[in-house]
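**Q** for reference, the sequence and a predicted model appear below.
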Amino acid sequence: MPLSNPPDVSDVSDVIVVGAGVVGAACAYYAARSGLTVTVLDRGPVAGGTTGAGEGNLLVSDKEPGPELELALLSTRLWQELARELPARIEYEAKGGLVVASDAAGMAALRKFAAAQAEAGVTAEEIPAGRLHELEPHLAPGLGGGFHYPQDAQVQPALAAAHLLRASGARVRTGEEVTAVLTGAHGEVRGVRTAAGDLHAPHVVNAAGTWGGDVARLAGAHLPVLPRRGFVLVTEPLPRVVRHKVYAADYVADVASGSAALQTSAVVEGTPAGPVLIGASRERVDFDRTLSVEALRRLAAQATALFPVLARVRAIRTYAGFRPYLPDHLPAIGPDPRVPGLLHACGHEGAGIGLAPGTGALIAAILAGREPPVSPAPFRPDRFGPA
Amino acid sequence: MPGSPSEPYEARERCEACEPYEACEPYEGSQQHVASAPSEPYDLAVIGAGPAGLAGAVTARTLGLSVALLDAAPRTGGQYFRHPAPGLGAARPQALHHDWAEFTALRRRFEESEAAHLAHHHVWTVTRQDDDGTWTVHALTGPDAASGTPARVRARAVLLATGAYERQLPFPGWTLPGVVGAGGAQAMLKAGLVLPGRRIVVAGSGPLLLAVASSLAAAGARVPAVVEASGYLGYARSPRALATSPHKLLEAAVHGSALLRHRTPLRTRSAVTEVHGTDRVEAVTVSRLDRAWRPVPGTGRRIACDALAVGHGLVPQIELATGLGCATRHTPDGTHALALDALQETSVPGLWAAGETGGTGGWQLARTEGELAAIAVAARLRGLPALTRSRRARDLARRRDRMRAFADAMAAAHAPGPGWTSWLPDDTEVCRCEEVTAGGIREAAGELGARDARTVKLLTRAGMGWCQGRMCGAAVACLAASGTAQGTVPPSAERRPLAVPVPLGTLATGPEEPGTT
Ligand SMILES: Cc1cc2nc3c(=O)[nH]c(=O)nc-3n(C[C@H](O)[C@H](O)[C@H](O)COP(=O)(O)OP(=O)(O)OC[C@H]3O[C@@H](n4cnc5c(N)ncnc54)[C@H](O)[C@@H]3O)c2cc1C
Ligand SMILES: Cc1cc2nc3c(=O)[nH]c(=O)nc-3n(C[C@H](O)[C@H](O)[C@H](O)COP(=O)(O)OP(=O)(O)OC[C@H]3O[C@@H](n4cnc5c(N)ncnc54)[C@H](O)[C@@H]3O)c2cc1C
């Protein structure tokens, strides 16, 4: 297209969001609600990235006090609102989490963790060993006790992303890969390029998840997003044998680990459709989809240790996904001071479904020039410096 | 057969068995048919005991390799050479097979080969050891995988010969009792000598329909019509491929004359577009199709019947390989088969494939490929590249190329037209396991932004149930892709990392394997 021609109006919007995963969908939803015109681009289908591989745990229970927990608590409130605004088919369920300790020492650690969380606004109720079976009748005997987290909830990630996008009214263009970020004379963002042509907007939001580092690079910015693989096991459909999200206390240590080695602590939960989901392992092996029998072994062993009745239940499928992982385990959210007009909303690792609405609300507030609902400072995208 | 490892034999005259391969050099590999210790891997694990796997196992033994042949079924033979269980007392399986004598000869050679036959082994995944590249084949054993005890078989090379399963394209009424897969009907007949009904319409597309119809007729059923969605004119477009495959022509003629003898009309460019009946099939409506397989309005005709045997060709069963990242190719009839090199090796070194896993092509092609693959494996493991240049290997490769070309021409003639989904009203159930209708899938593809079967699955649960999309996968992919450039071809092979369901207790008890991924 010759430069002198004014761009076609349909190619112009206030914001372009790159990525139609749950984070991009939430950014589009809240930006549109702030009165901005939004175009969402994805090289694949809606929810075709990590969102389609996520489990949909919306957890506060696994987060220690700090910026991520703050964002999670905001998101928890926003998910409750969304559950009213979006169709019931997103399968939002405020089922609560149950974290169990295997012995008294584990219970003591858990108690300390929960006390700190309570000061940050998390509700947690101690469940002595003798009462565990009231909450989960099929739990193994002999556990040390646990904590019940009523704020933990559940959503079906792909449906949530699809319905957020539909409700946003944004223009959604799937099957179009962003190959360049267009910039003006002063390095400011002017839009993006795809095989179908140039699209113009003064703001581009990088919501490309695990591929966020690549999109940042297109704009000349460094963002070290890495993939962290996870496997999920899915069983045959069952009547409700697991009522909450149940996991062993060591999960928290795994999540916070920076090690590349395989870590597993199974979160076990039932779904409305019947299958029990068991997930997920964590390991850094680049984008390798090859089945890891060892990862499945550990997931199955941990799930059957918590729920012995599951031993005879069959896994009918398993799948892998690649979490978008930043070295300090915090997402990158907000404007990139190195490239005016570029904003990032990626790197949410294993919590992107849960943190999506808070991220979207934060991005929308920044775009609209409003007071942000939580401080964006800890999520500064340029905190990793140049490559 | 070569002697035991403790007694390496001297160079000697070529033995009769491996004469064709021009290879009787002594072999220092493991030569006993059962690995001596559990720590000792087999040279070759063959998965699937159909014609491809049998031929592969026999040849590998002949070339001195130790071989384990695993199959979920109790007996060898695969999809086509099923035989009644001995207890049924049903004589004369040969009456249903004109190739029976050839098959029994192959089976006898296998039985004499001292390869380990691991029947009732349901393989759920194959993994590779990081350090030395040894393969581990993970299986559940027993008649029923669900209650099976776990087994692992280690091998230095793997030959995947898992065959194919039948493709189904749904239509209103396809869930009624009395509607059976065409291949399933034939399998039932061969394995138990039972018929799905007395008046059976055979419908769908592909050369197997004729074979199924003549078997059913030979077993005493009335076949009021064979309904084929394509024409056979497509074959004429590849006269060269046809002319060089006399065996196929012969076979078609045999089926054709059998049908004539039973006075079965063949309706081409037609499809069953609806099944009638309350508790079971009472009749079907057959409509004419246009070139795109759209039913021509006003052409529907009712045919009374009590069963319908239907199938639209075969889909290669390749999940064990795609789980390992093997490359695939589009077949001309819109499925995905493994991409193989000239010597049957997949894109993952050390993993070979033969038979329907590389595309549908009939049993002669399957056994040819099995033999060729085994030669390639022996050449690699024994460090004898010359084996692959033997006259036998060159002959096999030529035969394979000829039969593949024919198979591809045939597949092209039977490729589903893009218009078939127009016989599918919104309320027809497409995914039977999860009860998802055509309308639900269309909504996900249209309004919710799913563009492929995987995303449709995430948004509707179609394909998430017990059969893991084996029944509905083709249909979901077509519905998801309609309106996009891909047309009716699913964009990628389906991934099913667990080839069969595995109890969590079994998954949990595997030994810790730090070096295994
Ligand atoms: C096994 C597993 C279990 C998980 N469980 C949970 C859980 O229970 N709870 C939770 O909160 N989180 C969970 N997660 C994490 C969660 O799935 C992710 O954090 C989240 O999905 C990230 O969403 P996203 O929108 O940032 O990325 P994605 O969903 O990956 O979306 C990014 C999109 O960007 C597109 N894209 C990339 N590059 C380009 C380009 N150049 N042009 C156009 N488009 C492009 C991609 O196609 C993709 O669709 C889990 C993850 C895994 C792997
Ligand atoms: C109805 C019908 C009629 C046919 N008629 C003819 C004909 O007239 N002429 C002709 O040439 N061909 C015919 N064929 C085709 C013929 O069946 C195939 O070409 C031939 O069987 C292919 O051989 P194969 O060895 O590749 O696979 P198959 O014969 O399909 O064998 C595959 C084997 O792998 C096993 N297996 C698969 N997965 C696993 C697993 N996970 N674990 C353990 N074991 C596994 C199966 O149990 C099976 O025994 C017909 C096929 C059908 C369905």
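**A** Looks like it came in fine. Residues are numbered from 1 along each chain as shown, chains lettered A, B, ... in the order given. Ligands and ions are numbered 1, 2, ... in the order given.
**Q** pLDDT averaged over stretch A:56-74, what's the number?
**A** Taken as a whole, stretch A:56-74 has an average pLDDT of 94.
**Q** okay, helices next: where are they in the stretch 151-300 of chain B?
**A** Per DSSP state H, counting those that start in this stretch, the stretch 151-300 of chain B carries helices over the ranges B:182-192, B:208-218, B:233-236, B:239-243, B:246-261.
**Q** then chain B?
**A** Counting by DSSP state H, one finds helices in chain B at the ranges B:51-62, B:100-112, B:182-192, B:208-218, B:233-236, B:239-243, B:246-261, B:319-322, B:363-382, B:391-413, B:438-446, B:453-460, B:473-481, B:504-508.
**Q** with chain A instead?
**A** A:22-33, A:67-85, A:104-119, A:132-135, A:157-168, A:212-218, A:251-255, A:293-306, A:352-368.
**Q** list the residue ranges of chain B that fall below the pLDDT cut-off.
**A** Where chain B drops to pLDDT under 70, the residues are B:1-20, B:22-39, B:83-98, B:146, B:232-261, B:482-494, B:510-517.
**Q** interface residues of it facing ligand 1?
**A** Listed as neighbours of ligand 1 in chain B under the rule C-beta under 6 Å from any ligand atom: no residues. In this view, the C-beta of every residue, glycine as well, is placed from N, C-alpha and C.
**Q** just give me the residue closest to the centre of chain B.
**A** Per C-alpha atoms, centre = their mean, the C-alpha nearest to the average position across chain B is that of B:Ala164, at 1.7 Å.
**Q** one step back: adding mean neighbour count, write the helices of chain B out as TSV.
**A** TSV is the format used below for the helices of chain B (neighbours: other C-beta atoms under 10 Å in any protein chain shown):
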stretch	mean neighbour count
helix B:51-62	30
helix B:100-112	15
helix B:182-192	21
helix B:208-218	24
helix B:233-236	14
helix B:239-243	14
helix B:246-261	14
helix B:319-322	24
helix B:363-382	26
helix B:391-413	19
helix B:438-446	21
helix B:453-460	27
helix B:473-481	26
helix B:504-508	22
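**Q** residues of the stretch 301-450 of chain B that sit close to chain A?
**A** Taking C-beta under 8 Å from any C-beta of the partner chain, the part of the stretch 301-450 of chain B that reaches chain A is made up of B:Gly323, B:Leu324, B:Gly325, B:Glu434, B:Ala444, B:Glu447, B:Leu448, B:Gly449, B:Ala450.
**Q** neighbours of the residue nearest to the first one when sequence neighbours are not counted, how many?
**A** Pointing back at B:Gly323 there. When the adjacent residues along the chain are set aside, B:Gly323 lies closest to B:Pro497, with 4.7 Å between them (C-beta to C-beta, 6 or more residues apart in numbering or on different chains). By other C-beta atoms under 10 Å in any protein chain shown, 22 other residues sit near B:Pro497.
**Q** B:Pro497: what's it in contact with?
**A** Neighbour list for B:Pro497: A:Leu291, A:Arg317, A:Thr318, A:Tyr319, A:Ala320, B:Thr125, B:Glu319, B:Gly323 [criterion: C-beta atoms under 8 Å, 6 or more residues apart in numbering or on different chains].
**Q** measure the nearest residue to B:Thr388 once chain neighbours are set aside to ligand 2 for me?
**A** The shortest distance from B:Thr388 to any non-neighbouring residue, by C-beta to C-beta, 6+ apart, is to B:Ala379 (4.8 Å). Distance from B:Ala379 to ligand 2, counting by C-beta to the nearest ligand atom, to the nearest Å: 21 Å.
**Q** would you mind measuring from the residue nearest to B:Gly323 to A:Ala266?
**A** Separation of B:Pro497 from A:Ala266 (C-beta to C-beta, to the nearest Å): 17 Å.
**Q** okay, the residues of the stretch 301-450 of chain B next to chain A in JSON lines with distance to B:Trp363 next?
**A** Supplementary listing: those in JSON lines, determined by distance: C-beta to C-beta, whole Å:
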{"residue": "B:Gly323", "distance to B:Trp363": "26"}
{"residue": "B:Leu324", "distance to B:Trp363": "26"}
{"residue": "B:Gly325", "distance to B:Trp363": "29"}
{"residue": "B:Glu434", "distance to B:Trp363": "35"}
{"residue": "B:Ala444", "distance to B:Trp363": "39"}
{"residue": "B:Glu447", "distance to B:Trp363": "46"}
{"residue": "B:Leu448", "distance to B:Trp363": "44"}
{"residue": "B:Gly449", "distance to B:Trp363": "44"}
{"residue": "B:Ala450", "distance to B:Trp363": "38"}
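**Q** by proximity to ligand 1, which residue of the stretch 251-387 of chain A wins?
**A** A:Gly352 (2.1 Å; C-beta to the nearest ligand atom).
**Q** okay, now the nearest residue to that residue once chain neighbours are set aside: neighbour count?
**A** The shortest distance from A:Gly352 to any residue that is not its chain neighbour, by C-beta to C-beta, 6+ apart, is 5.6 Å, and that residue is A:Val23. The number of residues packed around A:Val23, counting by other C-beta under 10 Å, is 36.
**Q** test my guess that A:Val23 contacts A:Ala356.
**A** Yes. If you go by C-beta atoms under 8 Å, A:Val23 and A:Ala356 touch, sitting 5.0 Å apart.
**Q** anything in contact with each of the two?
**A** In the contact map built from C-beta under 8 Å, 6+ apart, the residues linked to both A:Val23 and A:Ala356 are A:His348.
**Q** and B:Arg432, how far from B:Leu189?
**A** Between B:Arg432 and B:Leu189 the distance, using C-beta to C-beta, works out to 23 Å.
**Q** hmm, I was thinking of A:Ala303
**A** The value you get for A:Ala303 to B:Leu189, if C-beta to C-beta is used, is 43 Å.
**Q** then B:Leu479?
**A** Distance from B:Leu479 to B:Leu189, counting by C-beta to C-beta: 32 Å.
**Q** does B:Ala283 touch B:Ala304 like I think?
**A** Yes. Between B:Ala283 and B:Ala304 there is a contact at 4.8 Å, judged by C-beta under 8 Å.
**Q** more crowded one of these two?
**A** Ranked by neighbour count (other C-beta under 10 Å), B:Ala283 and B:Ala304 place B:Ala283 first, with 18 against 12.
**Q** PyMOL command to pick out the buried ones of the residues of the stretch 301-450 of chain B next to chain A?
**A** For selection in PyMOL, the members of these meeting the burial criterion (16 or more other C-beta atoms under 10 Å in any protein chain shown) are listed in this command:
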select buried, chain B and resi 323+324+434+444+448+449+450
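**Q** how about the residues of chain B near ligand 2?
**A** Looking at ligand 2, the residues of chain B close enough under C-beta under 6 Å from any ligand atom are B:47-53, B:70-73, B:78-80, B:121-123, B:161-163, B:182-183, B:186, B:208, B:211-212, B:251, B:317, B:355-356, B:362-364, B:366, B:499-500.
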